[in-house]
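Undergrad: Okay, here's the prediction I keep looking at, along with the sequence it came from:
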Protein chains: 2
Amino acid sequence: MSPSAQKHDVFQAIADPTRRKVLKLLAEKELPISEITSHFPMSRTAIAKHLQVLSEAELVSGRKVGREKIYRLHPEPLTELKQWLSFYEKFWENKLSILKHIVESSEDHRLLVIKSEETDKK
Amino acid sequence: MSPSAQKHDVFQAIADPTRRKVLKLLAEKELPISEITSHFPMSRTAIAKHLQVLSEAELVSGRKVGREKIYRLHPEPLTELKQWLSFYEKFWENKLSILKHIVESSEDHRLLVIKSEETDKK
DNA sequence: TTGACATGAAACCAAATGGTTTTATATAAT
DNA sequence: ATTATATAAAACCATTTGGTTTCATGTCAA
């Protein structure tokens, strides 16, 4: 595929556990495909495809060195994720918001307890 | 699909743009399925399935009120995402780590020089 | 009671996903 | 020059995904 085919975004890219593990590997140091593959119970081709997805999301980039293709982490796109997350942080960082959430759901909890007790007595 | 099938995790759940938009809607206030659906160009059934995925990831929960099923945001699982992200933040927040990355693997040595000078001024 | 409304459940479908195997090509090492 | 290594490219495959349509069921309103 063409470079930066923009087919996959960062949200999709990190959805797969294998790809997340690849990113973690590359966080330590850049690596050729075959060495990355050695950490997984699947074929080199499969890993190459995962690298392509990561590459489309611009989370990694590969350069050819001799007969090897060496991939390295390119973490900048993760800032998009961080931004997205920051919107929701208020729901667990702001105590008032958390409290509000609890208050809103308290009726249901009472209901649940009562039902459980009734069931137990029978 | 079976209820609470624990089939989807938070990474998968937020991978889909529609589901992210649903979360944002529910961040404002809890809503019944049909009202959520009114914000999207797709069927109620499709939205119901997205809600199921979000529910499996425990990002939302639904309770039946009369003939409506009202869904509410449950943002706690996003902390897992935040934790995951925090590991990578050093690569763009910590200048030394960024520099280390450039030194280790960059073809662009001009960038290296600029970053070094900035660091030296301290 | 009779509709209308809100959802649930199931069958179906095309496309995407995550893998495989096979074949080809360029580079490195002997 | 030959062989082993590293990757690329393509065909193929099963399952999942993201949607649809249809039909059934429970609840509210007139």
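TA: Structure received. Numbers count the residues shown, from 1 in each chain, chains lettered A, B, ... in the order given.
Undergrad: going forward, measure contacts and count neighbours with C-alpha atoms only.
TA: Noted.
Undergrad: pretty sure residue A:71 is in a strand, no?
TA: Yes - applying DSSP: H, G, I helix; E, B strand; the rest coil, one finds residue A:71 inside a strand.
Undergrad: How about the contacts made by the closest residue to it other than its chain neighbours?
TA: Distances taken as C-alpha to C-alpha, 6 or more residues apart in numbering or on different chains place residue A:62 nearest to residue A:71, at 4.1 Å, with adjacent residues excluded. Each residue near residue A:62 by C-alpha atoms under 8 Å, 6 or more residues apart in numbering or on different chains is listed here: A:55, A:69, A:70, A:71, A:72.
Undergrad: what bridges to the second one?
TA: When bridges are assigned using DSSP bridges, the partners listed for residue A:69 are residue A:64.
Undergrad: any idea how far it is from residue A:49?
TA: 13 Å (C-alpha to C-alpha, to the nearest Å).
Undergrad: Give me the more crowded residue out of these two.
TA: The residue with more neighbours, out of residue A:69 and residue A:49, is residue A:69; 15 against 12, by other C-alpha atoms under 10 Å in any protein chain shown.
Undergrad: The more buried one contacts residue A:63, correct?
TA: Yes - using C-alpha atoms under 8 Å, residue A:69 is in contact with residue A:63, at 5.5 Å.
Undergrad: How far does the one helix or strand residue A:62 maps to sit from its chain's centre?
TA: Using DSSP states H and E, residue A:62 sits in strand A:60-65. The chain centre lies 22 Å from the centre of strand A:60-65; the measure is C-alpha atoms, centre = their mean, to the nearest Å.
Undergrad: again, but for stretch A:80-89
TA: Offset of stretch A:80-89 from its chain centre (C-alpha atoms, centre = their mean): 13 Å.
Undergrad: List the buried residues in it.
TA: Under the neighbour-count criterion of 16 or more other C-alpha atoms under 10 Å in any protein chain shown, stretch A:80-89 has A:85, A:88 buried.
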